[in-house]
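[1] Using only what follows, build the 3D model:
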Amino acid sequence: MKVKQCWSLKQEIKSTKSGLPSFAHFWWNGLNVTKMDSRYDRIDMDYVEKIRIFSKSLGKYVPRFAIYKLSESKLRMIINCQCDHHHSKDVYETNVYPSELNQDNYSDIMGETLLTRICKSYFSEENEVIKYTHEFKGLFPDEVRKIIKECGFQLDQLFLIEESYAWNCTVERINPDPIIVGLYQNYFYYICSFDITSMEQFVLTEKTTHV
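    Next up, the predicted model:
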């Protein structure tokens, strides 16, 4: 890993960027990439995201590496796998956080996870959300903290990559039954709703008035 001349790079960027005309932004971005390439080695994140390892505790393949965004107070990676059978239409979706990661690289987690559960709950009208979480519980050495502080300004984001050791899995069932309301001048207005529960219907019937 190349970590050097962070302060000199900061001064170069500061002096060059001031007064930069809008038509030169493309050139400026290319120049920045060239500067980064001269100071740091590129890492193949596509490989890091795609590699898998078998988890005995979960009985399936999971990401070999967990990736965290350093701008967050709590370092964790979250994979949400959702299967919606509502109205006899199957909808499958996988969302990964940090959102900057390539979402397509984690679609296989959804398929392997939900296959058995789909068969068991096919006639259910409930959404099923399976959440995988991995948290970083280590400590940063003082030297690493200093490097992060000195170099963080020149990058869009900083991430931590850790070989995964213990993914946590939870299963939730969520009914899609919201009421949509809007706020205007300190007043709340009913907009629309769908698949509402009896309590939500009570709110619409008894606690909504036409002025």
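
[2] Which secondary structure element of the chain has the lowest mean pLDDT?
    Lowest mean confidence among the helices and strands of the chain (mean pLDDT, DSSP states H and E): helix 6-17, at a mean of 40.

[3] any low-confidence regions in this structure?
    Using pLDDT under 70 as the threshold, the predicted model of the chain has low-confidence ranges 1-31, 84-91, 112-127, 174-177, 211.

[4] what are the ranges of the strands in it?
    Per DSSP state E, the chain carries strands over the ranges 52-55, 60-63, 65-69, 76-84, 91-97, 127-135, 159-163, 168-174, 179-184, 187-193.

[5] The ones you listed: which one's closest to Asp142?
    Nearest to Asp142 among the strands of the chain is strand 159-163 (16.2 Å), distances taken as Cβ to Cβ. (Each C-beta comes from the backbone N, C-alpha and C, glycine too.)

[6] Pull out the buried residues from that closest one.
    Within strand 159-163, the residues that count as buried by 16 or more other Cβ atoms under 10 Å are 159-160, 162.

[7] From the centroid of this protein, which residue is nearest?
    By Cα atoms, centre = their mean, the chain has its centre lying nearest to Tyr97, at 1.6 Å.

[8] Nearest to Val144 among the buried residues of strand 159-163?
    Within those, proximity to Val144 (Cβ to Cβ) peaks at Leu160, which comes in at 9.8 Å.

[9] Return the distance of that closest one relative to Ile148.
    According to Cβ to Cβ, to the nearest Å, Leu160 and Ile148 sit 10 Å apart.

[10] circling back: looking at strand pairing, list the partners for the residue nearest to the residue nearest to the centre of the chain when sequence neighbours are not counted.
    Sequence neighbours aside, Ile78 is the residue nearest to Tyr97 in space, at 4.4 Å (criterion: Cβ to Cβ, 6 or more residues apart in numbering). Partner residues in beta bridges with Ile78, using DSSP bridges, are Tyr97, Thr133.
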